[in-house]
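> Show me the folded form of this:
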Amino acid sequence: MSALRFPVRPAPLWDRAFLTTALLALGAVWLLWPLWGTHLPPGPVSAPTLRLLGAVVLGFIVAWVMTRSHRRPGDAIDLTEDELRLPPAISGGAAVRLRFDQVRRVELQGVNNRLRLVLATQAGRQVVPADRMVTPDDFLDLLNALLALAERVPAPERMRLLATVEMALRAPPAPRPTTTYTLIGLCLVVGAYAEWGLRGGLPNAGYEALLFGGNQPVLVREGQLFRIVTANYLHGGIAHLAMNMMSLFAVGSALERMLGRRALLALYLFSGLTGALGSDAFATARWSVGASTSLFGLVGALGVVHWRNRHTTPAHLLPTGDFWRNTLFMNALLIIAAPNIDHLGHAGGLVGGALLAWALDVRPFQPDERPHRRLTIAAALLGVVHAAGLTFALSRPAEVRRADLERWMQVREAERPPR
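Numbers count the residues shown, from 1 in each chain. Below you'll find the predicted structure:
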(Lines give C-alpha, C1' and ligand atoms only; values in the text may rest on other atoms or scores of the structure.)
Protein backbone atom coordinates (compact mmCIF):
# COMPACT_ATOMS: atom_id res chain seq x y z
CA MET A 1 0.00 0.00 0.00
CA SER A 2 1.50 3.31 -1.04
CA ALA A 3 1.21 6.40 1.12
CA LEU A 4 -2.13 8.19 0.90
CA ARG A 5 -2.77 11.88 1.50
CA PHE A 6 -6.07 13.36 2.64
CA PRO A 7 -6.10 17.18 2.52
CA VAL A 8 -7.53 19.08 5.50
CA ARG A 9 -8.75 22.60 6.00
CA PRO A 10 -6.68 25.04 8.07
CA ALA A 11 -7.83 25.20 11.67
CA PRO A 12 -10.27 28.05 12.39
CA LEU A 13 -9.11 30.85 14.64
CA TRP A 14 -11.41 29.81 17.50
CA ASP A 15 -10.32 26.19 17.74
CA ARG A 16 -9.78 24.36 21.02
CA ALA A 17 -6.01 24.90 21.07
CA PHE A 18 -6.43 28.65 20.56
CA LEU A 19 -9.04 29.01 23.31
CA THR A 20 -7.05 26.87 25.75
CA THR A 21 -3.89 28.86 25.12
CA ALA A 22 -5.81 32.13 25.40
CA LEU A 23 -7.33 31.16 28.75
CA LEU A 24 -3.96 30.08 30.16
CA ALA A 25 -2.31 33.27 28.95
CA LEU A 26 -5.19 35.37 30.27
CA GLY A 27 -4.84 33.79 33.70
CA ALA A 28 -1.08 34.33 33.73
CA VAL A 29 -1.41 38.00 32.74
CA TRP A 30 -4.15 38.49 35.35
CA LEU A 31 -1.90 37.10 38.10
CA LEU A 32 1.20 39.01 36.98
CA TRP A 33 -0.61 42.29 36.31
CA PRO A 34 0.00 43.73 39.83
CA LEU A 35 3.76 43.61 39.15
CA TRP A 36 3.42 46.48 36.67
CA GLY A 37 -0.20 47.59 36.97
CA THR A 38 0.50 49.67 40.11
CA HIS A 39 2.84 51.94 38.11
CA LEU A 40 0.17 52.96 35.59
CA PRO A 41 -1.09 56.56 35.86
CA PRO A 42 -4.72 57.07 36.92
CA GLY A 43 -7.25 57.45 34.12
CA PRO A 44 -10.96 57.30 33.31
CA VAL A 45 -10.97 53.48 33.41
CA SER A 46 -10.95 51.78 36.83
CA ALA A 47 -8.00 49.58 37.76
CA PRO A 48 -9.96 46.24 37.81
CA THR A 49 -11.50 46.99 34.40
CA LEU A 50 -8.12 47.93 32.94
CA ARG A 51 -6.61 44.78 34.39
CA LEU A 52 -9.32 42.61 32.83
CA LEU A 53 -9.07 44.29 29.41
CA GLY A 54 -5.28 44.03 29.43
CA ALA A 55 -5.41 40.34 30.37
CA VAL A 56 -7.92 39.57 27.60
CA VAL A 57 -5.99 41.47 24.89
CA LEU A 58 -2.56 40.11 25.81
CA GLY A 59 -3.94 36.58 26.27
CA PHE A 60 -5.47 36.56 22.79
CA ILE A 61 -2.28 37.97 21.23
CA VAL A 62 -0.19 35.23 22.85
CA ALA A 63 -2.66 32.54 21.72
CA TRP A 64 -2.71 33.86 18.14
CA VAL A 65 1.09 33.80 17.93
CA MET A 66 1.45 30.33 19.48
CA THR A 67 -1.21 28.68 17.28
CA ARG A 68 -0.25 30.15 13.91
CA SER A 69 0.98 26.77 12.64
CA HIS A 70 -2.53 25.32 13.10
CA ARG A 71 -3.89 27.64 10.41
CA ARG A 72 -1.24 26.86 7.79
CA PRO A 73 -2.88 25.99 4.43
CA GLY A 74 -1.91 22.89 2.45
CA ASP A 75 -1.70 20.41 5.35
CA ALA A 76 -2.87 16.83 4.91
CA ILE A 77 -3.30 13.58 6.80
CA ASP A 78 -0.72 11.00 5.64
CA LEU A 79 -1.57 7.31 5.87
CA THR A 80 0.83 4.40 5.32
CA GLU A 81 0.66 0.71 6.17
CA ASP A 82 2.32 1.33 9.55
CA GLU A 83 1.32 4.75 10.78
CA LEU A 84 -0.97 7.75 10.52
CA ARG A 85 0.39 11.31 10.54
CA LEU A 86 -1.94 14.04 11.79
CA PRO A 87 -0.95 17.64 10.94
CA PRO A 88 -1.12 20.49 13.52
CA ALA A 89 -4.48 21.61 12.10
CA ILE A 90 -5.97 18.32 13.37
CA SER A 91 -3.84 17.49 16.42
CA GLY A 92 -4.04 20.99 17.91
CA GLY A 93 -0.29 21.05 18.54
CA ALA A 94 2.74 19.60 16.82
CA ALA A 95 2.29 17.01 14.08
CA VAL A 96 1.48 13.57 15.56
CA ARG A 97 2.56 10.19 14.19
CA LEU A 98 0.41 7.28 15.35
CA ARG A 99 1.59 3.73 14.79
CA PHE A 100 -1.31 1.34 14.38
CA ASP A 101 0.00 -0.92 17.13
CA GLN A 102 -0.46 2.05 19.51
CA VAL A 103 -4.15 2.52 18.70
CA ARG A 104 -6.37 0.79 21.25
CA ARG A 105 -9.80 1.84 20.02
CA VAL A 106 -11.33 3.51 16.96
CA GLU A 107 -14.87 4.89 17.16
CA LEU A 108 -17.25 7.33 15.54
CA GLN A 109 -18.94 10.09 17.50
CA GLY A 110 -21.26 12.96 16.63
CA VAL A 111 -24.46 13.67 14.81
CA ASN A 112 -25.50 14.62 11.27
CA ASN A 113 -22.70 16.58 9.59
CA ARG A 114 -20.74 16.82 12.86
CA LEU A 115 -19.22 13.34 12.77
CA ARG A 116 -15.72 12.83 14.09
CA LEU A 117 -13.30 9.94 14.13
CA VAL A 118 -11.71 9.22 17.53
CA LEU A 119 -8.44 7.30 17.80
CA ALA A 120 -7.72 6.27 21.40
CA THR A 121 -4.16 5.36 22.49
CA GLN A 122 -2.45 4.78 25.81
CA ALA A 123 -1.17 8.39 25.74
CA GLY A 124 -4.60 9.94 25.08
CA ARG A 125 -6.80 10.32 22.05
CA GLN A 126 -6.77 12.11 18.72
CA VAL A 127 -9.91 13.44 17.07
CA VAL A 128 -10.45 13.91 13.32
CA PRO A 129 -13.63 15.98 12.72
CA ALA A 130 -15.37 15.33 9.42
CA ASP A 131 -15.88 19.03 8.77
CA ARG A 132 -12.11 19.62 8.86
CA MET A 133 -11.62 17.56 5.72
CA VAL A 134 -11.78 19.43 2.40
CA THR A 135 -14.73 17.37 1.12
CA PRO A 136 -16.98 14.67 2.66
CA ASP A 137 -15.46 12.18 0.20
CA ASP A 138 -12.04 12.72 1.82
CA PHE A 139 -13.45 11.71 5.21
CA LEU A 140 -15.08 8.63 3.68
CA ASP A 141 -11.85 7.66 1.90
CA LEU A 142 -9.87 8.07 5.12
CA LEU A 143 -12.35 5.94 7.05
CA ASN A 144 -12.39 3.29 4.34
CA ALA A 145 -8.58 3.13 4.28
CA LEU A 146 -8.40 2.79 8.05
CA LEU A 147 -11.03 0.06 8.06
CA ALA A 148 -9.24 -1.75 5.25
CA LEU A 149 -6.11 -1.88 7.41
CA ALA A 150 -8.10 -3.34 10.31
CA GLU A 151 -8.15 -7.06 9.60
CA ARG A 152 -10.90 -7.65 12.17
CA VAL A 153 -13.46 -5.65 10.19
CA PRO A 154 -15.04 -7.83 7.48
CA ALA A 155 -15.89 -6.29 4.12
CA PRO A 156 -19.74 -6.38 4.52
CA GLU A 157 -19.53 -4.64 7.90
CA ARG A 158 -17.11 -2.08 6.48
CA MET A 159 -19.49 -1.25 3.62
CA ARG A 160 -22.46 -0.96 6.00
CA LEU A 161 -20.56 1.44 8.24
CA LEU A 162 -19.44 3.54 5.28
CA ALA A 163 -23.02 3.75 4.00
CA THR A 164 -24.20 4.96 7.41
CA VAL A 165 -21.44 7.57 7.60
CA GLU A 166 -22.13 8.75 4.06
CA MET A 167 -25.81 9.26 4.87
CA ALA A 168 -24.84 11.33 7.89
CA LEU A 169 -22.36 13.42 5.93
CA ARG A 170 -24.84 14.10 3.13
CA ALA A 171 -27.60 15.07 5.58
CA PRO A 172 -28.53 18.75 5.78
CA PRO A 173 -26.73 20.74 8.47
CA ALA A 174 -28.25 20.57 11.92
CA PRO A 175 -30.52 23.55 12.65
CA ARG A 176 -29.22 26.38 14.76
CA PRO A 177 -30.04 25.95 18.46
CA THR A 178 -32.28 29.01 18.57
CA THR A 179 -34.01 27.98 21.81
CA THR A 180 -30.65 27.74 23.57
CA TYR A 181 -29.63 31.17 22.27
CA THR A 182 -32.98 32.61 23.41
CA LEU A 183 -32.57 31.24 26.94
CA ILE A 184 -29.04 32.62 27.16
CA GLY A 185 -30.22 36.03 25.96
CA LEU A 186 -33.05 36.03 28.49
CA CYS A 187 -30.65 35.29 31.35
CA LEU A 188 -28.37 38.10 30.21
CA VAL A 189 -31.22 40.64 29.92
CA VAL A 190 -32.84 39.77 33.27
CA GLY A 191 -29.48 39.68 35.03
CA ALA A 192 -28.47 43.05 33.59
CA TYR A 193 -31.75 44.64 34.70
CA ALA A 194 -31.46 43.22 38.23
CA GLU A 195 -27.83 44.34 38.50
CA TRP A 196 -28.05 47.85 37.06
CA GLY A 197 -31.74 48.68 36.81
CA LEU A 198 -32.37 48.30 40.55
CA ARG A 199 -29.09 49.67 41.87
CA GLY A 200 -30.08 53.34 41.66
CA GLY A 201 -33.36 53.23 43.54
CA LEU A 202 -32.71 50.82 46.40
CA PRO A 203 -30.34 50.69 49.36
CA ASN A 204 -27.99 47.87 50.33
CA ALA A 205 -26.07 47.41 47.09
CA GLY A 206 -25.18 43.76 46.59
CA TYR A 207 -28.67 42.40 47.19
CA GLU A 208 -30.11 43.29 43.77
CA ALA A 209 -30.69 39.65 42.83
CA LEU A 210 -32.57 39.01 46.07
CA LEU A 211 -34.63 42.17 45.62
CA PHE A 212 -35.64 41.27 42.07
CA GLY A 213 -36.50 37.62 42.69
CA GLY A 214 -33.81 35.46 44.26
CA ASN A 215 -35.11 32.19 45.68
CA GLN A 216 -35.54 32.76 49.43
CA PRO A 217 -37.36 29.89 51.21
CA VAL A 218 -39.10 32.00 53.87
CA LEU A 219 -40.37 34.56 51.36
CA VAL A 220 -41.57 31.80 49.04
CA ARG A 221 -43.50 30.13 51.85
CA GLU A 222 -45.08 33.46 52.66
CA GLY A 223 -46.61 33.54 49.19
CA GLN A 224 -43.97 34.97 46.83
CA LEU A 225 -44.12 32.01 44.45
CA PHE A 226 -42.75 34.04 41.55
CA ARG A 227 -39.28 33.61 43.08
CA ILE A 228 -39.10 29.95 42.05
CA VAL A 229 -39.22 31.23 38.46
CA THR A 230 -37.09 34.37 38.55
CA ALA A 231 -34.20 32.80 40.48
CA ASN A 232 -33.32 30.73 37.40
CA TYR A 233 -32.50 33.87 35.40
CA LEU A 234 -30.37 35.62 38.05
CA HIS A 235 -26.73 35.03 38.99
CA GLY A 236 -24.33 35.97 41.74
CA GLY A 237 -21.79 37.85 39.63
CA ILE A 238 -20.10 37.86 36.25
CA ALA A 239 -18.11 34.67 36.88
CA HIS A 240 -21.22 32.75 37.96
CA LEU A 241 -23.15 34.02 34.92
CA ALA A 242 -20.34 33.24 32.47
CA MET A 243 -19.84 29.70 33.79
CA ASN A 244 -23.54 28.85 33.63
CA MET A 245 -24.04 30.40 30.18
CA MET A 246 -21.07 28.49 28.74
CA SER A 247 -22.49 25.28 30.22
CA LEU A 248 -25.93 26.09 28.84
CA PHE A 249 -24.47 26.72 25.40
CA ALA A 250 -22.59 23.40 25.42
CA VAL A 251 -25.29 21.17 26.92
CA GLY A 252 -28.33 23.03 25.58
CA SER A 253 -27.22 23.21 21.95
CA ALA A 254 -26.32 19.49 21.93
CA LEU A 255 -29.63 18.50 23.51
CA GLU A 256 -31.62 20.77 21.20
CA ARG A 257 -30.12 19.02 18.17
CA MET A 258 -30.74 15.64 19.78
CA LEU A 259 -34.22 16.08 21.24
CA GLY A 260 -35.69 19.13 19.48
CA ARG A 261 -36.72 22.62 20.53
CA ARG A 262 -39.91 21.69 22.37
CA ALA A 263 -38.23 19.04 24.49
CA LEU A 264 -35.33 21.31 25.44
CA LEU A 265 -37.67 24.16 26.41
CA ALA A 266 -39.95 21.94 28.50
CA LEU A 267 -37.05 20.21 30.27
CA TYR A 268 -35.21 23.45 31.00
CA LEU A 269 -38.23 25.32 32.37
CA PHE A 270 -39.55 22.39 34.43
CA SER A 271 -36.14 21.61 35.94
CA GLY A 272 -35.78 25.22 37.03
CA LEU A 273 -39.04 24.98 38.98
CA THR A 274 -38.25 21.62 40.63
CA GLY A 275 -34.75 22.81 41.47
CA ALA A 276 -36.10 25.92 43.19
CA LEU A 277 -38.61 23.81 45.13
CA GLY A 278 -35.84 21.45 46.19
CA SER A 279 -33.85 24.42 47.41
CA ASP A 280 -36.88 25.56 49.46
CA ALA A 281 -37.24 22.20 51.20
CA PHE A 282 -35.85 23.75 54.39
CA ALA A 283 -36.83 27.30 55.39
CA THR A 284 -33.64 29.15 56.21
CA ALA A 285 -32.23 32.65 55.78
CA ARG A 286 -30.07 31.70 52.80
CA TRP A 287 -31.11 32.57 49.27
CA SER A 288 -30.00 31.19 45.93
CA VAL A 289 -29.86 32.17 42.27
CA GLY A 290 -28.57 30.61 39.06
CA ALA A 291 -29.49 28.54 36.02
CA SER A 292 -27.56 25.52 37.28
CA THR A 293 -30.76 23.89 38.56
CA SER A 294 -32.05 23.77 34.97
CA LEU A 295 -28.66 22.59 33.74
CA PHE A 296 -28.74 19.66 36.14
CA GLY A 297 -32.21 18.89 34.86
CA LEU A 298 -30.90 18.69 31.31
CA VAL A 299 -28.18 16.28 32.44
CA GLY A 300 -30.77 14.16 34.26
CA ALA A 301 -32.96 14.07 31.14
CA LEU A 302 -29.96 13.11 29.03
CA GLY A 303 -29.27 10.20 31.37
CA VAL A 304 -32.84 8.93 31.03
CA VAL A 305 -32.79 9.27 27.23
CA HIS A 306 -29.46 7.45 27.09
CA TRP A 307 -30.70 4.59 29.29
CA ARG A 308 -34.04 4.07 27.54
CA ASN A 309 -32.60 4.20 24.01
CA ARG A 310 -29.24 2.49 24.53
CA HIS A 311 -30.34 -0.58 22.53
CA THR A 312 -32.13 1.24 19.69
CA THR A 313 -29.82 4.21 18.99
CA PRO A 314 -26.30 3.81 17.56
CA ALA A 315 -23.68 4.14 20.28
CA HIS A 316 -21.81 6.97 18.54
CA LEU A 317 -24.96 9.12 18.69
CA LEU A 318 -25.23 8.89 22.50
CA PRO A 319 -22.96 10.39 25.20
CA THR A 320 -19.73 8.50 25.74
CA GLY A 321 -18.52 6.96 28.96
CA ASP A 322 -15.95 9.74 29.24
CA PHE A 323 -18.75 12.31 29.29
CA TRP A 324 -20.48 10.65 32.22
CA ARG A 325 -17.24 10.08 34.14
CA ASN A 326 -16.20 13.70 33.67
CA THR A 327 -19.65 14.93 34.73
CA LEU A 328 -19.58 12.84 37.92
CA PHE A 329 -16.03 13.90 38.71
CA MET A 330 -16.72 17.62 38.25
CA ASN A 331 -19.82 17.51 40.44
CA ALA A 332 -18.06 15.52 43.15
CA LEU A 333 -15.31 18.13 43.08
CA LEU A 334 -17.87 20.93 43.44
CA ILE A 335 -19.48 19.22 46.43
CA ILE A 336 -16.11 18.99 48.18
CA ALA A 337 -14.59 22.33 47.17
CA ALA A 338 -17.60 24.68 47.15
CA PRO A 339 -19.76 24.33 50.28
CA ASN A 340 -21.80 27.44 49.41
CA ILE A 341 -23.37 25.76 46.37
CA ASP A 342 -27.08 24.97 46.64
CA HIS A 343 -26.89 21.19 46.34
CA LEU A 344 -30.58 20.73 47.17
CA GLY A 345 -31.44 22.92 44.18
CA HIS A 346 -29.16 20.90 41.93
CA ALA A 347 -30.70 17.65 43.16
CA GLY A 348 -34.21 18.98 42.60
CA GLY A 349 -33.38 20.02 39.06
CA LEU A 350 -31.71 16.68 38.30
CA VAL A 351 -34.71 14.68 39.52
CA GLY A 352 -37.21 16.98 37.79
CA GLY A 353 -35.51 16.74 34.40
CA ALA A 354 -35.21 12.96 34.66
CA LEU A 355 -38.86 12.51 35.67
CA LEU A 356 -40.19 14.75 32.89
CA ALA A 357 -38.05 13.02 30.24
CA TRP A 358 -39.39 9.66 31.45
CA ALA A 359 -43.00 10.80 31.65
CA LEU A 360 -43.05 12.42 28.20
CA ASP A 361 -41.08 9.58 26.58
CA VAL A 362 -38.54 11.92 25.01
CA ARG A 363 -36.61 10.16 22.23
CA PRO A 364 -33.40 11.19 20.45
CA PHE A 365 -33.17 12.27 16.80
CA GLN A 366 -36.88 12.05 16.06
CA PRO A 367 -38.27 15.09 17.89
CA ASP A 368 -40.30 16.42 14.96
CA GLU A 369 -41.02 13.23 13.04
CA ARG A 370 -44.05 12.21 15.10
CA PRO A 371 -46.81 14.25 16.72
CA HIS A 372 -46.16 14.72 20.41
CA ARG A 373 -49.06 16.71 21.83
CA ARG A 374 -48.03 16.23 25.46
CA LEU A 375 -44.60 17.71 24.79
CA THR A 376 -46.07 20.75 23.03
CA ILE A 377 -48.61 21.34 25.81
CA ALA A 378 -45.93 20.99 28.52
CA ALA A 379 -43.61 23.48 26.80
CA ALA A 380 -46.46 25.97 26.28
CA LEU A 381 -47.77 25.77 29.86
CA LEU A 382 -44.30 26.07 31.38
CA GLY A 383 -43.55 29.01 29.11
CA VAL A 384 -46.67 30.79 30.35
CA VAL A 385 -45.71 30.14 33.99
CA HIS A 386 -42.20 31.54 33.50
CA ALA A 387 -43.45 34.54 31.54
CA ALA A 388 -45.99 35.32 34.29
CA GLY A 389 -43.32 35.06 37.00
CA LEU A 390 -40.91 37.39 35.21
CA THR A 391 -43.65 39.89 34.39
CA PHE A 392 -44.81 40.02 38.01
CA ALA A 393 -41.24 40.50 39.25
CA LEU A 394 -40.69 43.39 36.83
CA SER A 395 -43.90 45.14 37.92
CA ARG A 396 -43.21 45.19 41.67
CA PRO A 397 -42.73 48.70 43.12
CA ALA A 398 -39.61 49.76 45.01
CA GLU A 399 -41.34 49.96 48.43
CA VAL A 400 -42.40 46.31 48.17
CA ARG A 401 -38.83 45.29 47.38
CA ARG A 402 -37.61 47.26 50.41
CA ALA A 403 -40.12 45.43 52.60
CA ASP A 404 -38.82 42.09 51.27
CA LEU A 405 -35.27 43.10 52.13
CA GLU A 406 -36.29 44.09 55.68
CA ARG A 407 -38.16 40.80 56.11
CA TRP A 408 -35.14 38.80 54.98
CA MET A 409 -32.89 40.71 57.38
CA GLN A 410 -35.27 39.83 60.22
CA VAL A 411 -35.07 36.14 59.29
CA ARG A 412 -31.28 36.32 59.11
CA GLU A 413 -31.05 37.97 62.52
CA ALA A 414 -33.40 35.39 64.02
CA GLU A 415 -31.18 32.53 62.81
CA ARG A 416 -27.96 34.00 64.19
CA PRO A 417 -26.83 32.35 67.42
CA PRO A 418 -26.99 34.55 70.50
CA ARG A 419 -23.73 36.21 71.51
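
> make it CA atoms for all contacts and neighbour counts henceforth
OK.

> What about Leu23, how many residues nearby?
Other residues near Leu23 come to 17 when the count uses other C-alpha atoms under 10 Å.

> Where does the record place the domain boundaries for this protein?
Segmentation of the chain into domains, based on automatic domain parsing, reads 4-71, 100-170, 178-415.

> By mean pLDDT, show me the worst of those domains.
Note on these: lowest mean pLDDT is at domain 4-71, with a mean of 66.

> I would like the residues contacting the helix or strand containing Thr182, please.
Here Thr182 is covered by helix 178-192, with elements defined by DSSP states H and E. By C-alpha atoms under 8 Å, 6 or more residues apart in numbering, the list of residues contacting helix 178-192 from outside reads 209, 233-235, 245, 248-249, 252-253, 256, 261, 264-265.

> ok, now with 6 Å
Contacts of helix 178-192 with the rest of the structure, by C-alpha atoms under 6 Å, 6 or more residues apart in numbering, involve 233-234, 252-253.

> This protein: strands as residue ranges?
Counting by DSSP state E, the chain has these strands, from start to end: 4-7, 76-79, 83-86, 96-99, 103-109, 116-121, 124-129.

> can you put those strands in TSV and add distance to Ala291 and mean neighbour count?
Listed next are those as TSV, based on distance: least, C-alpha to C-alpha, whole Å; neighbours: other C-alpha atoms under 10 Å:
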stretch	distance to Ala291	mean neighbour count
strand 4-7	42	17
strand 76-79	42	20
strand 83-86	39	19
strand 96-99	40	15
strand 103-109	28	15
strand 116-121	30	18
strand 124-129	31	16
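
> Ala379 is nearest to which of these?
Relative to Ala379, the nearest member of the strands of the chain by C-alpha to C-alpha is strand 103-109, separated by 29.6 Å.

> Mind giving me the packing neighbours of that closest one?
For strand 103-109, the contact count by 3 or more C-alpha pairs under 6 Å, 6 or more residues apart in numbering; DSSP states H and E identifies strand 116-121 as packing neighbours.

> tell me the angle of the strand it packs on relative to strand 103-109?
For strand 116-121 against strand 103-109, the angle by axes from the mean of the first three to the mean of the last three C-alpha atoms, to 10 degrees is 160 degrees.

> what angle do strand 116-121 and strand 124-129 make?
What separates the directions of strand 116-121 and strand 124-129 is an angle of 160 degrees, with the same axes, to 10 degrees.

> And strand 116-121, what does it pack against?
Other helices and strands packing on strand 116-121, by 3+ C-alpha pairs under 6 Å, 6+ apart, are strand 103-109, strand 124-129.

> Packing partners of the last one?
Contacts of strand 124-129 with other secondary structure elements, assessed using 3+ C-alpha pairs under 6 Å, 6+ apart, are made with strand 116-121.

> What lies in contact with the strand it packs on?
Residues external to strand 116-121 that are found in contact with it (C-alpha under 6 Å, 6+ apart): 102-109, 125-130.

> residues in contact with Val8?
With contacts defined as C-alpha under 6 Å, 6+ apart, the neighbours of Val8 are 75-76, 132-134.

> Beta-bridge partners for it, please?
Met133 (DSSP bridges).

> how close does it sit to Val103?
21 Å (C-alpha to C-alpha, to the nearest Å).

> Which parts of the stretch 151-300 of the chain are helices?
If you assign secondary structure with DSSP state H, counting those that start in this stretch, the helices in the stretch 151-300 of the chain sit at 155-170, 178-192, 208-212, 217-221, 227-230, 238-259, 261-279, 292-308.

> Reformat those helices as CSV; add mean neighbour count.
Shown next, in CSV, are the helices of the stretch 151-300 of the chain (neighbours: other C-alpha atoms under 10 Å):
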stretch, mean neighbour count
helix 155-170, 14
helix 178-192, 17
helix 208-212, 24
helix 217-221, 20
helix 227-230, 28
helix 238-259, 18
helix 261-279, 27
helix 292-308, 24
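
> So which of these is nearest Leu58?
Among the helices of the stretch 151-300 of the chain, helix 238-259 comes nearest to Leu58, with 19.8 Å by C-alpha to C-alpha.

> got the angle for the closest one vs helix 178-192?
Note on geometry: by the same axes, to 10 degrees, helix 238-259 and helix 178-192 are set 160 degrees apart in direction.

> tell me the contacts of Ala379?
Residues in contact with Ala379 (C-alpha under 6 Å, 6+ apart) are 265-266.

> how much space between the nearest residue to Val103 once chain neighbours are set aside and Leu98?
Using C-alpha to C-alpha, 6 or more residues apart in numbering and skipping residues adjacent in sequence, the residue nearest Val103 is Thr121, 4.7 Å away. Distance, Thr121 to Leu98, by C-alpha to C-alpha: 9 Å.

> try Arg402
Note on Arg402: its distance to Leu98, by C-alpha to C-alpha, is 65 Å.

> same question, Leu269
Summarising the geometry, the distance separating Leu269 from Leu98, computed by C-alpha to C-alpha, is 46 Å.

> Likewise for Pro7?
For Pro7 relative to Leu98 (C-alpha to C-alpha), the value is 17 Å.

> same question, Leu264
Distance, Leu264 to Leu98, by C-alpha to C-alpha: 40 Å.

> for Ala398, same thing?
Counting by C-alpha to C-alpha, the separation of Ala398 from Leu98 is 65 Å.

> that older thread, looking at the helices and strands packed on strand 116-121, spot the one closest to Leu382.
Using C-alpha to C-alpha as the criterion, the shortest distance between Leu382 and the helices and strands packed on strand 116-121 is 33.0 Å, found for strand 103-109.

> which residues sit against the closest one?
If you take C-alpha under 6 Å, 6+ apart as the criterion, strand 103-109 is touched by 115-121, 316.

> run the last query once more with 8 Å
Contacts of strand 103-109 with the rest of the structure, by C-alpha under 8 Å, 6+ apart, involve 115-122, 316-317.

> tell me the two of those that are most distant?
Pairwise across the contacts of strand 103-109, and taking C-alpha to C-alpha, the largest span is found between Gln122 and Leu317, at 24.0 Å.

> More neighbours: which of those two?
For Gln122 versus Leu317, the count of surrounding residues by other C-alpha under 10 Å is larger for Leu317: 18 against 9.

> returning to that earlier point: out of the strands of the chain, the one nearest Leu390 is which?
When those are ranked by proximity to Leu390, the top entry is strand 103-109, at 39.3 Å, counting by C-alpha to C-alpha.
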